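Enquirer: Generate a structure from the sequence data that follows.
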Amino acid sequence: MPRCNSKPQQDRVDEIHLAFWYNVNNGLSARLAPQKARVVTFQTRRSGRDIDLKYLPPLNRQRSYAYVAIDRATRFVYLEILPDRRAPTAAGFLARFPLEVYTILTDDGSEFTDRFAVDKKGKPQDKPSDDRPFDRICGGGRLNLEVYLSCAGRSDRRIAPLRVLSTPTRRRWNRNSLEMSHMASWLVKAMVQRSIGALPNPYFWNGLLQDWVTHSTRLTDEVFFENLRNCGLHLANLQRYNSTTLGGFAAFELGTGWFPVVPIGLFLCGAREVWTWDIAPLLKLDRLKGVIARVLELEQKQLLKSHLDALPERLALLKEVMTRCDSRQRHEPAQLLEQLNIHYRIGNASRSELPPASIDLIVSDVVFEHPSSAELSEILHEFRRISVPKAVMSHSIALDDQYSGRDSRITQFNFLRFSDRMWRWIDNPIIPLNRLRISDYRRLFSEGGFQIVEEISRRGDPAELARVPLAERFRGYPIEDLLVTYARLVATPRNS
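Expert: Numbering: from 1, shown residues only. Now for the predicted structure:
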């Protein structure tokens with residue numbers, strides 16, 4: 001039979017769609033148990049597509065619906081997050097389904113069909129009126145539409161020509177559809193960020209989302225003290241592997257982020273200059289002011305010394321900058337940081353244009369998991385070029401699926417199930433995850449001209465990893481490689 005090729009105009013910017021392969025559990029894609037002598041089993045070569053939708057929790061105070069189509073033979077799942085459940089929307093979803101369709105199973109929702117409406121004038125009994133786009137697409141003998149009733153109390157007699165799913169089967173379908181909506185909770189976040197990534201100036205819009213929806217740009221105690229701890233660890237690594245430069249070292253930070261805690265900490269502990277690099281201008285005056293205020297508050301309470309060995313003269317300079325933050329004259333964050341000899345730069349760190357052999361300490365925190373392997377290779381070669389012979393690199397790297405931090409239903413290893421092609425559909429284009437494993441980082445460090453002198457790693461639960469069907473890319477890795485979810489790597493230039 002010919003495939004339906006209807007392609008309605010997509011004129012809503014909030015329409016997000018995504019196709020993905022997913023290993024559906026609990027028999028979601030299994031053949032339905034036939035009723036006695038009444039049901040014709042699907043042929044595998046002409047398998048059915050189950051279509052249903054679920055109402056999702058409000059997304060930025062707007063309703064959204066998860067439309068799901070499941071191919072029974074291949075376990076292919078097609079999902080779109082759409083803004084309404086109108087009949088044209090449902091018809092557009094069907095038209096965009098990428099596989100050839102012969103038979104559709106769905107419920108009697110008005111967005112799909114009106115064949116069971118009893119109060120519609122001029123409509124034949126138990127037949128569609130043909131004013132539903134979904135019915136029209138399935139009309140003309142092109143597709144076979146099989147409907148099960150989602151409401152209790154209706155007589156099977158009314159749909160004798162159709163297939164009625166048994167109560168246990170409907171319950172299984174509803175349960176598995178609920179599981180699909182649960183699965184969509186992390187996909188919703190991914191798709192929202194993909195849609196933001198398609199907008200002009202995506203970092204601005206993502207910042208608004210994080211400011212007003214997720215509230216992830218707040219300088220909480222956890223964020224502040226974690227950054228202070230990271231700064232202390234970087235300084236300890238410098239002292240351990242190159243104690244001769246502590247009198248006045250030059251530092252390079254990759255990934256300034258929202259809060260410049262680390263570069264300010266390096267300045268307070270004696271850095272003669274700090275270069276802090278980012279790919280987007282995330283730093284704002286109120287965030288800089290918040291960091292300085294927190295540091296000075298710790299100093300006033302005589303608690304800062306338990307975190308950093310701040311020099312008194314550097315604290316005095318920091319107080320002067322805080323005074324300028326409070327003045328009526330408008331100052332840009334980069335201008336204020338320059339007064340501390342902290343150079344805030346936006347751009348590609350692999351083209352820093354810094355002089356060769358000019359940096360003593362290179363640091364980053366949960367940044368290396370974002371650049372691609374090729375990009376990271378370029379960055380590491382640039383780091384080698386600007387490193388002095390006794391330079392120290394200190395990096396923390398997150399190797400887990402960071403969507404698992406937002407959705408407890410998936411594990412830290414969930415992203416290992418997807419092929420590279422499918423991951424490009426799911427991955428966040430603003431803050432992508434490269435999915436590199438610990439052995440990949442070891443190789444890239446070595447190829448970039450560094451030797452790892454210290455490695456501290458944290459591993460996940462082997463039982464959780466065992467439940468994830470690995471994509472082909474990851475099947476050749478040792479289990480110990482795949483289990484690493486976090487690592488701290490310290491490296492020095494390798495003697496050529």
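Enquirer: Spell out which residues make up each domain of this protein.
Expert: 16-198, 222-283+342-493 (automatic domain parsing).
Enquirer: For S387, give me its contacts.
Expert: The contact partners of S387, taken as CB atoms under 8 Å, 6 or more residues apart in numbering, are 357, 359, 362, 393, 493. Where C-beta positions appear, they are placed from N, C-alpha and C, glycine not excepted.
Enquirer: Lowest average pLDDT across the domains of the chain?
Expert: Note on the domains of the chain: domain 16-198 shows the lowest mean pLDDT, a mean of 56.
Enquirer: Just the buried positions in stretch 280-296, please.
Expert: The neighbour-count check on stretch 280-296 (16 or more other CB atoms under 10 Å) flags 280, 282-284, 287-292, 294-295 as buried.
Enquirer: coming back round to it: strands - which of the contacts of S387 land there?
Expert: Secondary structure from DSSP state E places 359, 362, 393, 493 of those in strands.
Enquirer: quick one: which of those is nearest to F224?
Expert: Nearest to F224 among the ones in strands among the contacts of S387, counting by CB to CB, is I362 at 22.9 Å.
Enquirer: distance of that closest one from F445?
Expert: According to CB to CB, to the nearest Å, I362 and F445 sit 12 Å apart.
Enquirer: Compare neighbour counts for these two and give me the winner.
Expert: Neighbours were counted for I362 and for F445 using other CB atoms under 10 Å; I362 has more, 28 against 22.
Enquirer: Which residues are in contact with L285?
Expert: L285 neighbours (CB under 8 Å, 6+ apart): 325, 331-333, 336.
Enquirer: Same question for T220.
Expert: Under the contact definition (CB under 8 Å, 6+ apart), no residues are listed for T220.
Enquirer: what's the answer for the one 4 residues further on, then?
Expert: F224 sits next to 259, 261, 291, 294 when contact means CB under 8 Å, 6+ apart.
Enquirer: burial measure for Y78, as a count.
Expert: 21.
Enquirer: for the one 5 residues further on, same thing?
Expert: If you count neighbours by other CB under 10 Å, P83 ends up with 15.
Enquirer: What of the one 10 residues further on?
Expert: Taking other CB under 10 Å as the neighbour definition, F93 ends up with a count of 24.
Enquirer: Can you tell me the closest non-neighbouring residue to it?
Expert: Excluding its sequence neighbours, the residue lying closest to F93 (CB to CB, 6 or more residues apart in numbering) is Y67, at 4.6 Å.
Enquirer: Same question for V484.
Expert: Closest to V484 by CB to CB, 6+ apart is I438, at 4.4 Å.
Enquirer: same deal with V367?
Expert: Closest to V367 by CB to CB, 6+ apart is G255, at 3.7 Å.
Enquirer: Contacts only, for that neighbour.
Expert: 277-278, 364-367.
Enquirer: Please report phi then psi for it.
Expert: phi 100, psi 80 (degrees, to the nearest 10).
Enquirer: Okay, it and A471: tell me how far apart.
Expert: 27 Å.
Enquirer: Need the contact partners of stretch 361-370.
Expert: Residues contacting stretch 361-370 (CB under 8 Å, 6+ apart): 227, 230, 234, 238, 245, 249-255, 262, 266, 271, 376, 383, 387, 391-399, 431-434, 436, 441.
Enquirer: what do you get if the cut-off is 7 Å, keeping everything else the same?
Expert: Under the criterion CB atoms under 7 Å, 6 or more residues apart in numbering, residues 230, 234, 238, 249, 251-255, 262, 376, 383, 387, 391-399, 431-434, 441 lie in contact with stretch 361-370.
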